[in-house]
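A.B. asks: below is the sequence, then the predicted model.
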Amino acid sequence: MSEVLLAIGDGLAPDALALAIVNADAMGIAAELDRDRAIRQFRLQRETAARLIRDGASPLTAQVRAGALAAA
């Protein structure tokens, strides 16, 4: 499963988002970036848990592992 998460970052290059993250407070968008990050993290956790369940993990174990992976 970790190889899937590592593959997400392959080919990513810094862009306007990196600039926004570094200057979020000065730009007044810190709260918006936090909200968007939480949504992305939830979606990643949900899909990862679904995959773990399909692979045979119990639902509780899948949720916990997926939450930890998504947070990482």
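C.D. replies: Sure, I can see it.

A.B. asks: SS state for L12?
C.D. replies: Following DSSP: H, G, I helix; E, B strand; the rest coil, the label given to L12 is coil.

A.B. asks: for S58, see how far away it is.
C.D. replies: 33 Å (Cβ to Cβ, to the nearest Å). Bear in mind the C-beta positions are built from the backbone N, C-alpha and C, glycine included.

A.B. asks: check which residues of the helix or strand where L52 lies are buried.
C.D. replies: Using DSSP states H and E, L52 sits within helix 30-54. The neighbour-count check on helix 30-54 (16 or more other Cβ atoms under 10 Å) flags L44, Q45, T48, A49, L52 as buried.

A.B. asks: pLDDT and distance to N23 added to these, as CSV?
C.D. replies: Converted to CSV, those look like this (pLDDT from 0 to 100; distance: Cβ to Cβ, whole Å):
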residue, pLDDT, distance to N23
L44, 93, 25
Q45, 95, 28
T48, 94, 30
A49, 96, 34
L52, 95, 37
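
A.B. asks: who touches the helix holding L52?
C.D. replies: The contact list for helix 30-54 (Cβ atoms under 8 Å, 6 or more residues apart in numbering) reads 1, 4-5, 20-21, 24, 59, 61-63, 65-67, 69-71.

A.B. asks: how far does that helix sit from its chain's centre?
C.D. replies: 5 Å (Cα atoms, centre = their mean, to the nearest Å).

A.B. asks: the helix or strand bottoming out on mean pLDDT in the chain packs against which elements?
C.D. replies: Every helix and strand in the chain was compared by mean pLDDT, DSSP states H and E; the lowest is helix 2-8, with a mean of 74. For helix 2-8, the packing partners by 3 or more Cβ pairs under 8 Å, 6 or more residues apart in numbering; DSSP states H and E come out as helix 30-54.
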